[in-house]
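# Next comes the sequence, and after it the predicted model I'd like to discuss.
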Amino acid sequence: MKGKKYQHFLKRIIDLLLSFILLFIFTPISFITAVLIKLDSPGPVFADVPERIGENGSKFKMYKFRSMVVNAHFLLRTDPRFKELFQEYKKSSYKLKKDPRITRFGKFIRKHSIDEIPQLINVIKGEMSWVGPRAYYPDELENQLKKYPYTKKLVNKVLSVKPGITGLWQVTGRSEVNFDKRIAIDANYVDNISLWNDLLIIIKTPLIMINGRGAI
């Protein structure tokens, strides 16, 4: 089943059913994760990060378990201690293999994508889908477009749909894929949205979560 009919009707139903079921299943894991975050480092349970860009350019607050020190996003961009790190961050398509802001427990939950469980709330609210492109920070997208200006059409295509908890790029390369290749993968997903393709991505996701391949 392909096209608009699936994208705007059945896809939403699947999103809601999966999210409510998994929220129930993941409740014990979420509780344990919240306790360990508080024990591991001072700060809130949820990440204090800026809004992301969603469908048609709309902005929304993405919920994630905190895996970094408090104000990590702001510190990277303003603290003189992180000046060189921020330059490396931008040059490497907004990812870092060695990030001193990540907490001890944060490294574990990022590797296995446990930090992303709260995004089920975003799906229920209709801000995200179970499967879709990556949700970018505004400054990240702006800087990456300057670096890869030829990707503008692909970016517009990617922003025409809801971002996803998981997606085609996550199950093929995750953080090992640079922006230009990542956006091409996500644009290819948008061109071929279907029930079958979404199911394949969902089936592959647990294995990626377990082995942590390509995670940062």
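Cool, the structure landed. Numbers count the residues shown, from 1 in each chain.
# pLDDT weak spots in this protein?
1-3, 93, 173-176, 211-216 (pLDDT under 70).
# Which parts of it are strands?
52-53, 59-60, 129-131, 164-166 (DSSP state E).
# And the second one, how far out from the chain middle?
With CA atoms, centre = their mean, to the nearest Å as the basis, strand 59-60 stands 13 Å off its chain's centre.
# other SSEs contacting that strand?
strand 52-53 (3 or more CB pairs under 8 Å, 6 or more residues apart in numbering; DSSP states H and E). C-betas here are computed from N, CA, C, even on glycine.
# Give the partner strands of the strand it packs on in its sheet and their orientations.
Strand pairing for strand 52-53, determined by DSSP bridges: strand 59-60 (antiparallel).
# which outside residues touch the strand it pairs with?
51-54, 122, 127-128, 135, 138 (CB atoms under 8 Å, 6 or more residues apart in numbering).
# Turn the buried ones among the residues you listed into a named ChimeraX selection, would you?
The buried residues among those can be selected in ChimeraX (16 or more other CB atoms under 10 Å) with this line:
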select :52,53,54,122,127,128,135
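# which among the contacts of strand 59-60 gets closest to Gln170?
Ala135 (11.6 Å; CB to CB).
# so the closest one touches Glu51, yeah?
No: between Ala135 and Glu51 there is no contact under CB atoms under 8 Å: 9.5 Å.
# any shared contact partners between those two?
Contact criterion CB under 8 Å, 6+ apart; residues shared by Ala135 and Glu51: 60, 62.
# what about the longest helix in this structure?
When the chain is parsed with DSSP state H, its longest helix is helix 195-211.
# Distance-wise, check the residue of the chain most remote from its centre relative to Gly126.
Ranked by distance from the centre of the chain (CA atoms, centre = their mean), the top residue is Pro80, with 27.1 Å. Per CB to CB, to the nearest Å, Pro80 is found 40 Å from Gly126.
# which residues in the chain form helices?
So, for the chain - with DSSP H - the helices run 4-5, 11-25, 27-40, 72-78, 83-91, 104-111, 119-124, 138-147, 152-158, 179-191, 195-211.
# any chance of those in a markdown table, with distance to Gly167 too?
Below are those laid out as a markdown table (distance: least, CB to CB, whole Å):
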| stretch | distance to Gly167 |
| --- | --- |
| helix 4-5 | 19 |
| helix 11-25 | 13 |
| helix 27-40 | 22 |
| helix 72-78 | 22 |
| helix 83-91 | 21 |
| helix 104-111 | 17 |
| helix 119-124 | 12 |
| helix 138-147 | 16 |
| helix 152-158 | 10 |
| helix 179-191 | 6 |
| helix 195-211 | 7 |
